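[1] Predicted model follows, preceded by the sequence.
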Number of protein chains: 2
Amino acid sequence: MCELLAMSANVPTDIVFSFTGLIRRGGETGPHSDGFGICFYEHGGVREFKDYLPSAESKIAQFLTSYPIKSKVVISHIRQANVGQVSLQNTHPFQRELWGKPWTYAHNGQMPINAIPAPSAFQPIGQTDSEKLFCWLLSALREQAGVNSSVEQIAGLLMAMCGKINQAGVSNVLLSDGEYLYVFCSTKLNWITRRSPFGEAHLCDDDVKVDFSSVTTENDIVTVIATAPLTNNETWNQMLPGEFRVFKEGESVWSGQTNSIEHKKSNN
Amino acid sequence: MCELLAMSANVPTDIVFSFTGLIRRGGETGPHSDGFGICFYEHGGVREFKDYLPSAESKIAQFLTSYPIKSKVVISHIRQANVGQVSLQNTHPFQRELWGKPWTYAHNGQMPINAIPAPSAFQPIGQTDSEKLFCWLLSALREQAGVNSSVEQIAGLLMAMCGKINQAGVSNVLLSDGEYLYVFCSTKLNWITRRSPFGEAHLCDDDVKVDFSSVTTENDIVTVIATAPLTNNETWNQMLPGEFRVFKEGESVWSGQTNSIEHKKSNN
């Protein structure tokens, strides 16, 4: 399975600690050796870093672990390719502009690419089912919603579409417009919200710990979402199959449940 | 004036030498201290690096001078802000998907933002006239051309639009779909094609020289386009005001001329 990582926070926060844990899984403690990508929202803009090299070897990934970028919304992905060659155009997160906002998206799963309806307004650049699904979701938003739609409308629409496509195959989704972070769990996603009083956390994949109380203020609220828990001394919330959740400023602000699908094999 | 830099080559080539010269102008040998960005096309995908810090100080820019990325098409920009705050969303190059290809664009110039017609299919994310112009150009391509249009059709359409908007203000343009590099000179652009036999070049802005014969093969063809010549021992071609040119695989493959406009002041 590819590994997903996202963050939603109420103050610009660096994700170096979680990212350090994640990238070890890219070819070192995990098999996800087909590239990685990470998008940081900053003041309405997006900064994106991608590499098709394993994240555990990538000089760009190494650079990022020593260069803290503070952001309120982050989406990241390390890839184990199953469809589409290992190349930059197949590397998540994917990005498109809709309603004058930069939408970013990362996905893990696999489905027959023809199970995804042809997108209207956006076209995939690469060959993955993941990017086609992204284009289909955004095309539907463009047709059926607008820049003034409420988060409930957007979330309801996305949840219905994610629930529908989940019947065709495994499809865990992270999607953001820089303000809201939309999350759909097909098989496996976990999240944790950290707030005052902050404690110490220890990474599963590395001999690294951080005392969050030394790098935060008492008003900070930071949620991290990941395929598997990244720390081994905290309690993470395990999302249910079919669960859809929206985060904003570090808080879970909306949730819903689609039919749970029993996927026979979720190793992609 | 902001500084533009682009490359078109017939083999993946690193642009570290030219980029090293350019970034010195971002707050050190030049006044362009409001951020920088660079896009590298690699196998149909794009890798983008941006910072709102002056390029001469940016750790990301420093990283890129030590990490050669090989690409056949590169677009870069260092910014001296005149419209829109200094932030990531106003930092060039801008990027949008059209016809399943990632189009990138950088611009220098300034015009009344209302002189640019409202774009239909793409919306600006930031506040710059530059990004609005990009959205207008791509929206017109989407409406009036298609994925199977010839380069002559695309170039003719873009040249007519660039010529029109040039009447409203200074507007030097770099635009690419990863295969072709479209260049419009409103006031100032220079280009050089290097091919066998390669010689030595010396940067204007830094005490750096490179012997291209040691890093190329005899079949390599590499064109570099920049606002001002980057080397002081080679002869660059100065583009005429109103000139439009298309490069592919390092060669100039199409050119045309619109009416020359005498812009009173081109310091933006």
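    Alright, I've got the coordinates.

[2] from the middle of its chain, how far away would the strand or helix carrying residue A:135 be?
    Element membership of residue A:135, judged by DSSP states H and E, is helix A:129-144. Averaging C-alpha positions (C-alpha atoms, centre = their mean, to the nearest Å) puts helix A:129-144 16 Å from its chain's average.

[3] right, and the helix or strand after it?
    helix A:151-165.

[4] and chain A, which of its residues are near chain B?
    With C-beta under 8 Å from any C-beta of the partner chain as the criterion, chain A meets chain B at residues A:42-51, A:59-60, A:63, A:67, A:87-91, A:95-97, A:99-102, A:121-126. The way it works is simple: take the backbone N, C-alpha and C, and place the C-beta from them, glycine included.

[5] Of those, keep whichever come out buried.
    A:42-51, A:60, A:63, A:87-91, A:95-97, A:100-102, A:121-126 (16 or more other C-beta atoms under 10 Å in any protein chain shown).

[6] Please name the bridge partners of the nearest residue to residue A:247 once chain neighbours are set aside.
    Spatially, and ignoring its direct neighbours in sequence, residue A:247 is nearest to residue A:8 (3.9 Å; C-beta to C-beta, 6 or more residues apart in numbering or on different chains). Note on residue A:8: beta-bridge partners by DSSP bridges are residue A:73, residue A:223.

[7] What is the neighbour count of residue A:8?
    By the measure other C-beta atoms under 10 Å in any protein chain shown, the count of residues near residue A:8 is 31.

[8] can you tell me which residues contact it?
    A:72-73, A:181, A:222-223, A:225, A:247-251 (C-beta atoms under 8 Å, 6 or more residues apart in numbering or on different chains).

[9] next one: residue A:218
    Residue A:218 makes contact with A:196-197, according to C-beta under 8 Å, 6+ apart.

[10] Isn't residue A:239 up against residue A:190?
    Yes: if you go by C-beta atoms under 8 Å, residue A:239 and residue A:190 touch, sitting 6.7 Å apart.

[11] With neighbour numbers in mind, choose between those two.
    residue A:239 (21 against 17).

[12] May I have the phi/psi pair for the nearest residue to the more buried one once chain neighbours are set aside?
    Spatial nearest neighbour of residue A:239, chain neighbours left out: residue A:185 (3.6 Å); criterion: C-beta to C-beta, 6+ apart. Main-chain torsions, residue A:185, degrees, to the nearest 10: phi -100, psi 120.

[13] How about residue A:217?
    Taking degrees, to the nearest 10 as the convention, residue A:217 sits at phi -110, psi 170.

[14] Need the three-state assignment for the residue nearest to it when sequence neighbours are not counted.
    Among residues not flanking residue A:217 along the chain, residue A:11 sits closest, at 7.6 Å (C-beta to C-beta, 6+ apart). With DSSP: H, G, I helix; E, B strand; the rest coil as the basis, the three-state label of residue A:11 is strand.

[15] Next up, the contacts around the residue nearest to residue A:239.
    A:172, A:239-245.

[16] give me that answer again for 10 Å
    Going by C-beta atoms under 10 Å, 6 or more residues apart in numbering or on different chains, residue A:185 touches A:162, A:166, A:171-173, A:191, A:225, A:227, A:238-245, A:257-258, A:260.

[17] What separation is there between the closest residue to residue A:12 other than its chain neighbours and residue A:215?
    If the residues on either side of it in the chain are set aside, residue A:12 comes closest to residue A:70, at 3.6 Å by C-beta to C-beta, 6+ apart. Distance from residue A:70 to residue A:215, counting by C-beta to C-beta, to the nearest Å: 11 Å.

[18] try residue A:178
    Counting by C-beta to C-beta, the gap from residue A:178 to residue A:215 is 23 Å.

[19] Tell me which of those two has more neighbours.
    Higher neighbour count among residue A:178 and residue A:215: residue A:178, with 21 against 14, using other C-beta under 10 Å.

[20] for the closest residue to that one other than its chain neighbours, what are its contacts?
    Nearest in space to residue A:178, with sequence neighbours left out and distances taken as C-beta to C-beta, 6+ apart, is residue A:41 at 4.2 Å. Taking C-beta under 10 Å, 6+ apart as the criterion, residue A:41 is in contact with A:7-8, A:12, A:47, A:71-75, A:101-102, A:104, A:176-179, A:181, B:88-89.

[21] One more pass at 6 Å, please.
    A:71, A:73, A:178 (C-beta atoms under 6 Å, 6 or more residues apart in numbering or on different chains).

[22] How is the last one assigned, secondary-structure-wise?
    Per three-state DSSP, the local secondary structure of residue A:178 is coil.

[23] Relative to residue A:154, how far out is the nearest residue to residue A:10 once chain neighbours are set aside?
    With C-beta to C-beta, 6+ apart as the criterion, residue A:10 has its nearest non-adjacent residue at 3.9 Å, and that residue is residue A:249. As defined by C-beta to C-beta, residue A:249 lies at a distance of 16 Å from residue A:154.

[24] Between these two, tell me which one has more neighbours.
    Between residue A:249 and residue A:154, counting by other C-beta under 10 Å, residue A:154 is the more crowded of the two (20 against 17).

[25] Burial check on residue A:199, number of neighbours?
    Count around residue A:199 with other C-beta under 10 Å applied: 11.

[26] If you could redo that for residue A:150, that was the one I meant.
    10.

[27] Got the phi and psi for it?
    Taking degrees, to the nearest 10 as the convention, residue A:150 sits at phi -70, psi 160.

[28] Distance of it relative to residue B:225?
    Distance from residue A:150 to residue B:225, by C-beta to C-beta: 46 Å.

[29] again with residue A:104
    30 Å.

[30] ok, now how distant is the residue nearest in space to the middle of chain A from chain B?
    Centroid-nearest residue in chain A, with C-alpha atoms, centre = their mean: residue A:174, separated by 3.8 Å. Note on residue A:174: its distance to chain B, by C-beta to the nearest C-beta, to the nearest Å, is 19 Å.

[31] Could you do residue A:71 as well?
    10 Å.

[32] show me the contacts for that residue.
    For residue A:71, counting by C-beta under 6 Å, 6+ apart, the contacting residues are A:12, A:40-42.

[33] Phi, psi for it please.
    phi -150, psi 150.

[34] Off-centre distance for stretch A:175-186?
    Worked out by C-alpha atoms, centre = their mean, stretch A:175-186 lies 7 Å from the chain centre.

[35] Do me a favour and get the end-to-end distance for it?
    14 Å (C-alpha to C-alpha, to the nearest Å).

[36] And stretch A:176-191, by the same measure?
    16 Å.

[37] mind checking pLDDT for the residue nearest to residue A:10?
    Here, the pLDDT recorded for residue A:249 equals 98.

[38] gap between it and chain B?
    Counting by C-beta to the nearest C-beta, the gap from residue A:249 to chain B is 19 Å.

[39] Tell me how far that residue lies from residue A:161.
    25 Å.
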